[in-house]
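structure for this input, please:
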Amino acid sequence: MNFRSIKFKIPAFFTLYLLILLIVGVFMVVDNVQNNALEEKLSKNSAISELVSKKIDLYLASALKEIETSTKYTVENLNKDYIYYEINRLVDNYDYFDLVFFTSTEGRMMYSKPYNPIAIEKNTYTDRDYYQHIMRYRESFISKLYISRVLGKPHFVVAAPVQKGEYIYGLMAGGIPLAEMKNVIIDSDVVFNGGIWVVDSFGSLIVNPYEELKTDEIVSMENNKININEKEYSLYEVLEKKITGTGLIERNNKTYYVSITHVDNADLAVLVEQEEQALLGEAFQVVNDMRGLVLILLGIGIVIALILSLGITKPIQNLVFLVRKWSEGDNRFDEVKIDSKSEIGELTETFKNITKDLDMKVEELRTSIKNENQIKQYLNNILMSAGSGIIVIDSKDEIVIFNREAEEISGYRGENLIGKKYDYFSNKIHINFKKFIENIEEKGDKLLERETVLINKNKQSIPCRIICSVIKNEEKNKIGYAFLINNIEVIKRLEEEIKREDRLNIVGEFSSSIIHDIGNPLAGLSNLLELYKSDIADKNEKEEILNLIEEEIEDLNSIVLNFLNFTKSKNQENIEVDICQIVNESVNILRSEMINSGIKVKIDQEKEKIYLNIDRRSIKQALINIIKNSIQAIKGEGYINIKINELKEAVKIIIQDTGVGIKEDEMKNIFEPFYTTKKDGTGLGLSTSYKYIRDNDGKIEINSKYGEGTEFIITIPKRRKK
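Numbering: from 1, shown residues only. Below you'll find the predicted structure:
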């Protein structure tokens, strides 16, 4: 026999496989049965422990109920004869008690049955826990185990207060002997090959399942170690903390499974134990009963394995023969009768279909590759022909796409840049692509848009709008960046034209206003000159006329200067300046005016110096106009607070005054040229400030509440847009 043949390997494999499965399965079943048997025994022991605990609880509750009932009658007939009557009734009619007694509030036993004169006359019971508990809490109590001073043997006491309202007269108590507790367990009809212990929280034995307890002393249970839920405790720790559960305990060189429960209303615990070997022996007996069944299953498994394997090998051999012929060019699959109900038949059918589908799939693959190449070429043509410059950078920081519009804007050929690091091109056009990428990564934005100036190959400055966006794959992983570059040179020219037209319109409006504003001072000057020339005015009057002429000339000069400032074209000198210094200079220029008006000013700046790239003159004039507006808005004494805060990419200047404020319907016109609410105002101060701040790429906001004051918020970027 060829041991490498499939005729041998498959039967051998199936036989071995089923044999292993059966053996493993049998062991798992045996182990499971054994564990279940052990768990069942332990669960039964826990149930026994719980049952005995409840029996003891009911027994003690019943005994305590009789004592409590007796106290209710006693308090209504509180005299010696009735107390004797109740004590005799309890002892004679109930088997619970070996002693019933009445104790006063001073802890002396006044009456008892059986009667012991020594115990009554010489002893007090203030040291007993039941006395202390009742005197303190005025409620019933079950004591720990004591040696009775009346009987001279161990028992524990159930006691209840004799009280009426809040006043307590004493307590009625009954002693329960240890023999009664053992009778409770016997009456529970519990039968199993183990032992039931009952102990109090101090380890004192109430019931010993293996021997009778001594009648003249208290015996304690050994403080052995108990392992519960893989944690080790001492027996007394379990009793003190009232830990329940099933664990292992070693005693007299033997290991016991012990189930522990606690009596609900007493400091007693029930321990149901069974020797480990006895429990395991019962579990093993279940396994021994299964041996015959296991052997039968093994035999059946081997026979089934042989039959199944032989049913597989023959069809496989036929399939191998057909595949070999097909590989030689002799396709005999059409000659074979296929059993489609079996997996081997399905496999044969599959091989038959493969020969027909293979050529079709190859042809489809060729067509798919051709179509994909056409789509790639089509998309590439779209990118190359786009009206915006497109530059794509891959994860290696290399340029992979550089379209024709990008070539047109930059003057560089894409074929000379593709495959090179992007910083090579970035340095040539003087645009920091790396900063675009860092800003996107830092802020977590999907794209970033900026206007800047590109230096092309011919050293020409081209104003551009650049949009940088992150490229991600289907798994949302970053694979590169795309830069969209638009030439906005024409747009910028149009914007300048619009600004010039707006300026001309404003000049037209201002011309109408200035003619009127100049006309009044000129008329005044003419009248004053006529008066000066006449002989009517004396020397003092002529001096006063000259002063008035000087004031009118200053008004004319102010009107002309405002006109020049407002219409001046945007031809600024942008330099690094200290904005804190400019603010202080602006305040100092107006300080005398503020002092004369009783206005106090406070400047709060985060740093001593904060630098901005701005036009110094225009920003200073804007600040002077705004501060002067605040001075004029304050009637009488007041305050102007100026704060200078440095932000990450800008500086914020806040000017607050305690002036009259601005009405809500006037807010929308406050920055309009020639709009003023003052009788002698030109309406150009705030509009000029607005223009200067906008010329420096800043913005100005205003908050005001009429009657309370106004706040101007000026935000200026640290770096000007190019």
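
phi first, then psi, for the most centrally placed residue in the chain.
Residue closest to the mean C-alpha point of the chain, counted by CA atoms, centre = their mean, is residue 444 at 20.2 Å. Dihedral pair for residue 444: phi 70, psi 20, per degrees, to the nearest 10.

just to be sure, residue 91 is in a helix?
Yes: counting by DSSP: H, G, I helix; E, B strand; the rest coil, residue 91 falls inside a helix.

so it makes contact with residue 97?
Yes: between residue 91 and residue 97 there is a contact at 6.0 Å, judged by CB atoms under 8 Å. Any C-beta I mention is one placed from the backbone N, CA and C, and that applies to glycine too.

list the contacts for residue 178?
154, 155, 206, 207, 213 (CB atoms under 8 Å, 6 or more residues apart in numbering).

same thing but 10 Å
Residue 178 is in contact with 98, 145, 153-156, 198, 204-208, 212-215, 218-219, counting by CB atoms under 10 Å, 6 or more residues apart in numbering.

with residue 478 instead?
Contacts of residue 478 (CB under 10 Å, 6+ apart): 395, 440, 441, 470, 471, 472.

helix or strand: which one has residue 226?
Using DSSP states H and E, residue 226 sits within strand 225-228.

quick one: name whatever helix or strand follows that strand.
Once the chain leaves strand 225-228, the next helix or strand it forms, by DSSP H and E, is strand 231-234.

which element follows that following strand toward the C-terminus?
Using DSSP H and E, the first helix or strand after strand 231-234 is helix 235-241.

check the contacts of residue 478 and tell me the two furthest apart.
395 and 440 (14.5 Å; CB to CB).

more crowded one of the two?
More crowded of residue 395 and residue 440, by other CB atoms under 10 Å: residue 440, with 18 against 11.

burial of the residue nearest to that one when sequence neighbours are not counted, as a residue count?
Nearest non-adjacent residue to residue 440, counting by CB to CB, 6 or more residues apart in numbering: residue 448, 5.1 Å away. Using other CB under 10 Å, residue 448 has 19 other residues around it.

name the helix or strand of the protein that has the lowest mean pLDDT.
In the chain, no helix or strand scores lower on mean pLDDT, DSSP states H and E than helix 489-533, which sits at a mean of 65.

let me know whether residue 600 touches residue 587 as I believe.
No: the pair residue 600 and residue 587 does not pass the contact test of CB atoms under 10 Å, sitting 11.4 Å apart.

what touches both of these two?
With CB under 10 Å, 6+ apart, residue 600 and residue 587 have common neighbours 594, 640.

before we move on, back to that, any chance of the contacts of residue 478 in JSON lines, plus secondary structure and pLDDT?
Formatted as JSON lines, the contacts of residue 478 follow (DSSP: H, G, I helix; E, B strand; the rest coil; pLDDT from 0 to 100):
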{"residue": "395", "secondary structure": "coil", "pLDDT": "88"}
{"residue": "440", "secondary structure": "helix", "pLDDT": "86"}
{"residue": "441", "secondary structure": "helix", "pLDDT": "85"}
{"residue": "470", "secondary structure": "strand", "pLDDT": "90"}
{"residue": "471", "secondary structure": "strand", "pLDDT": "88"}
{"residue": "472", "secondary structure": "strand", "pLDDT": "88"}
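
and stretch 67-78, which residues are buried?
67, 70, 71, 74, 75 (16 or more other CB atoms under 10 Å).

what's the closest non-adjacent residue to residue 630?
Take residue 630 and drop its neighbours on the chain: the residue closest to it by CB to CB, 6+ apart is residue 657, 3.7 Å away.

list the beta-bridge partners for that neighbour.
On the basis of DSSP bridges, residue 657 is bridged to residue 640, residue 710.

who are the contact partners of it?
The neighbours of residue 657, taking CB under 10 Å, 6+ apart as the test, are 599, 601, 626-627, 629-634, 638-642, 704, 709-712.
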